[in-house]
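Colleague: Sharing a model prediction with you, sequence too.
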Amino acid sequence: MNDKNAVGVDLGTFWLPRQSSTIAAEMDLGWDVAYWLSVFFFVGIVAAMAYFMWRYRRRSENDITSTVDHSLPIEITWTVIPSIMCVGLFLVGFKGYINASIAPAESYEVQVRAQKWSWKFIYPNGTVADELRVPLGKPVRLIMSSTDVLHSFYVPEFRIKADVVPGNYTTVWFEATELGEKQIFCTEYCGDDHSFMLASVIVLEPAKFQEWLQSTEGPPAGVSPVEHGQKLFARNCASCHTVDGTARVGPTLLKVFGKDEKLADGSTVKVDENYLRESILNPNAKVVFGFQPVMSPFKGLLKDHELDALIAYIKELK
Amino acid sequence: MAESLPISAPHGATPSGTNYLNAEKGILSWLTTVDHKRIGVMYLVSTLIAFGAGGFFALLVRLELIAVGQQIMTNKQYNQAFTLHGAIMVFLFIIPSIPGALANFVLPIMVGAKDVAFPRLNLMSLYIYWLGAIICLGAIVGGGIDTGWTFYTPYSSTVDGGVVAMTMGVFVLGFSSILTGLNFIVTLHKLRAPGQDWFRLPLFLWATYATSIIQVLATPVLAITMLLLAAERLFGLGIFDPALGGDPVLFQHFFWFYSHPAVYIMILPGMGIISDVLSVHARRKIFGYRAIAYSSVALALLSFLVWGHHMFVAGQSELASTIFSFLTFFVAIPSGVKVFNWLSTMWGGSISYTTPMLFTLSFLFLFTIGGLTGVFLGMLSVDVHLHDTYFVIAHFHYVMMGGTVMAFLAGLHHWYPKMFGRMYNETLGRISCLLVFIGFNATFFIQFIMGSRGMPRRYYNYLDQYQSMHAFSTVGSWILGLGFLVMLYNLLTSLTKGAVAPANPWGGVSLEWHTPSPPPTENFHDTPTVNNGPYDYDTLRSAK
Amino acid sequence: MSSHAPAHDSPAGNAQDRSPQFHVGHHWDSADAQFDAGKTGVWLFLVTEILFFGGLFCAFFVFRSWYLEAFVSAHHHLDKVMGGVNTIVLICSSLSMALAVRAAQTNNKNQTVLLSVVTIGFALMFLVIKYFEYAHKFHDGLLPGRYFTYAKAVFPDERIFFGIYFMMTGIHGLHVLIGIGLIGWIAWRAQKGHFSSRYYAPVENVGLYWHLVDLIWIYLFPLLYLVG
């Protein structure tokens, strides 16, 4: 489990999390109306029940009970009044929902890619990140899709949720009103690690957000390509490839550079920079003998400088 | 129609005379019977076993959740456990239980008939239920399933495991449900005794009629959905899997088109029981008979219009979501009307705190909470926050368990003397009800809070902040389980050790109380003629 | 059916009228009530069948709206002639079935058997023509889902048309097969003299089922073969 993604959901009231987005208050109005109406009816019904339970308890086998068995005026009353309340409830819910569905025109768009069992956030400049960094006070619109099964993107403190569907795009939008880290849950069952598929929204001052965005353009400052490559490897590759010689879902990358690799179709290829680049971007083009073609392509998910860093790192695995 | 009120029989005596239980002996006579009463008893045993299995998985799930991290199972096993809990409870217990076990037994007697319209079809329904159960068992043991009882695609169309077997098991079970509903509809139309107008029928029968309509109309859609899912897996049909050109949201539409009406298959019979039990044990004519009767049929028909409220955030259009939300509020009204009518029935009554009445009062309390929390979920904006959280889990357990199961238990304790000729121990009955009521609230009320605070459902792992609430809920589940164990002990031992039951222990007026306890195989020696309504207790009093 | 039929066999009845299989269940007041109830039951069952196929029609319409060109293009591979002949075959089978019911109602045992067999004949003809259609599709690789290997598809989504085509015609074909079994059972019972003008419920009820099977094809054929 990725512990760093467990940022927690801060409470605002007894029932609800903090309101950390511009629409949260309106969504919570819906909750409040439903809640107090429910309390009213529940207390009323239970009080009536309790009273009747005492007042009309059986005293003898000869008790005379009421024969009043219908009253049209009463039936109409308790049908019409709740109906009117229901229309009111519907309207409150509808209003909040419509506002939550229509993103402002000037929203900053980020793409969200869901897969079993992690989230990727892709910025307009091509940056791919594991956390969703956003500027405070600016509307952000998420365009989401899944690469495999249904997932669902849920940020309790923003009061937003939408299923993430393969083969389709769904959207949510929000404008964060507080700095800090907000919890993202996957909330549509997606298999073994559904409950570990967490991520976080990191709300930054707009200036700091821009700083971060620019820093992702090129290689990270003060970090050698090999070091950078090692970090990228740990995040993206280590679940299936080792660097110590053991084969897992994918072949080990220890001493792989310069090797003559036998492929599944029987041919051989020399492992050079081009082969490594192709194997990362389009892994099923040449599959190593003895392994299955199950690696997801990283085309579109890694910048050129990141590919360079990975290749530099792999070359050093002697 | 003079009947005397309860008389006690000497302890240790056995019911005398030939009745449906001892008319023919041997297991083969049971397995090949066409007597609706025997079939009802076999359904009762089968569905209670299913309840035990589903409950076992529930206890396992709750035990795993008592603390963060692995307790007794891995994530994969947990996912299978909650899937099986749901699938067994929905398809093998809650849908067949009241119709198959209680309605089967009581409906023909209540209309004044000697059996249902198609007795052999009734037996076939039971056989089909057993076949479906065996196929599901095979799926569990064979490949295992971890898709959730809702089988959403493309996970269910691509994951390894026994999904095809399970869908075929559900397909088969659907036929059992359809044929039972068909049987009841024809029985109610064609086999009512002379004088037995529609508006003289006990409300349990109106509820059963409404339920049967849904069973006949909705279940075929489940059948085709399961078939299409199986075809998707076996042939890569490409209808639900986007990788093959299909649409996962289409699956949800198909699935919920059945499964929403299905929840009314679950609750309507329960509501029918409440009407009858409340009236009898408060010895008070039901208030608003026609309102309750009409609202049952209205619920059945309206239930077909609201399936999309399960899909507000699934990716359907805003227009669709809006229409479904609007219609959902209309489906809420008839249920609310019933609660008010039941309360009015308590007014001016003579309430006796028997076990069936205690279960009925529990139902009123718990179903009110369940129904009101449904309102939260029907509101579009609120549902965005609450969908797929523990709030939803709490809501449906309050209506399905706090509602249907409480009603089922009320009916079971109400008709037990009629079915088995024995009284159970009233003290133990009350204790079990209290334990179940307390345990249920302890388990599930806190889940509303967890859900509104953001805790997602179907989560093996969870954030530390929810741990104390999970632990509390788990302890609640133990109290709930204990309550059921006490009940099981009570009902089983009373079969042989209970006091002999009179024909009419509670002072009811509907026709089932005019036959001996237990009834003879043919229910009535001569077809009765009905001269009064099912809740005319004055006829009892005036007879004295 | 005579509305004055007494509840039990009258020993004084005409030997031709009385059939040994005529049995009124102990819970029925009269034979008419039982007959009536049986028909109601079968009608209810037919309603479930309509909803069952309704789901498939729904899927067809949904996918057609998404992939209109692919559907129109794909449906040209269906043999309208074979489909058309099958339609006529089924309509004839419904006629012979209706006549069989009439024959049972009028105590004509031989005609009942003959017409039932003729109906089965038509049904088998339907299935044979279907077999040839399917064989042709298999040969061309026009198969459902992942087995679709037809190389000359104009649109990639034509495979979905065939997925739906095979599901719909396959399930319909299964119902035809079940119908053959049921009509065969009727023919056998008719041969043994079970039916008469006082008892022909099974014939009528199987007839109702068969007419529905025909009716479903009458919707299937134009939608799949003609419109696409």
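Modeller: On my side now, so go ahead. A quick note: this is a predicted structure, and the numbers were derived from the prediction, not measured.
Colleague: hmm, stretch B:327-346 touching chain A?
Modeller: Yes: shown here: stretch B:327-346 in contact with chain A (Cβ under 8 Å from any Cβ of the partner chain) through B:Phe329, B:Phe330, B:Ala332, B:Ile333, B:Gly336, B:Val337, B:Val339, B:Phe340, B:Leu343, B:Ser344, B:Met346. For the C-beta atoms, the positions are set from N, CA and C on the backbone; glycine is no exception.
Colleague: which one among these gets closest to chain C?
Modeller: Closest approach to chain C among the residues of stretch B:327-346 next to chain A (Cβ to the nearest Cβ): B:Phe330, at 22.6 Å.
Colleague: these two touch, right, that closest one and B:Ser303?
Modeller: No: using Cβ atoms under 8 Å, B:Phe330 is not in contact with B:Ser303; the gap is 10.6 Å.
Colleague: Tell me which of those two has more neighbours.
Modeller: The neighbour count for B:Phe330 versus B:Ser303, taken as other Cβ atoms under 10 Å in any protein chain shown, is higher for B:Ser303 (24 against 17).
Colleague: burial of the residue in chain C that chain A sits nearest to, as a residue count?
Modeller: The nearest approach of chain C to chain A comes at C:Trp66, 11.5 Å away (Cβ to the nearest Cβ). When neighbours are counted by other Cβ under 10 Å, C:Trp66 registers 15.
Colleague: what's the closest non-adjacent residue to residue 182?
Modeller: Just going to use chain A. Here the nearest residue to A:Lys182 in space, its sequence neighbours aside, is A:Val201; by Cβ to Cβ, 6 or more residues apart in numbering or on different chains that works out to 4.2 Å.
Colleague: please go with chain B instead
Modeller: Nearest non-adjacent residue to B:Leu182 (Cβ to Cβ, 6+ apart): C:Leu44, at 4.7 Å.
Colleague: Show me the shaky parts of chain A.
Modeller: Residues of chain A that meet the criterion pLDDT under 70 lie in A:1-2, A:221.
Colleague: most distant residue from the middle of it?
Modeller: A:Asn62 (64.8 Å; Cα atoms, centre = their mean).
Colleague: That residue sits in which helix or strand?
Modeller: Counting by DSSP states H and E, no helix or strand carries A:Asn62.
Colleague: now swap in B:Tyr152 and tell me
Modeller: Per DSSP H and E: nothing holds B:Tyr152, as it lies in no helix or strand.
Colleague: Isn't it up against B:His253?
Modeller: No: using Cβ under 8 Å, B:Tyr152 makes no contact with B:His253, being 11.7 Å away.
Colleague: separation between B:Arg200 and B:Val509?
Modeller: According to Cβ to Cβ, to the nearest Å, B:Arg200 stands 11 Å off from B:Val509.
Colleague: what's the overlap in contacts for the two?
Modeller: B:Asn532, B:Gly533, B:Pro534 (Cβ atoms under 8 Å, 6 or more residues apart in numbering or on different chains).
Colleague: Can you tell me which of the residues you listed are buried?
Modeller: Neighbour counting by 16 or more other Cβ atoms under 10 Å in any protein chain shown classes B:Gly533, B:Pro534 among these as buried.
Colleague: Out of the shared contacts of B:Arg200 and B:Val509, which is nearest to chain A?
Modeller: Taking Cβ to the nearest Cβ as the measure, B:Gly533 is the one of the shared contacts of B:Arg200 and B:Val509 closest to chain A, at 8.9 Å.
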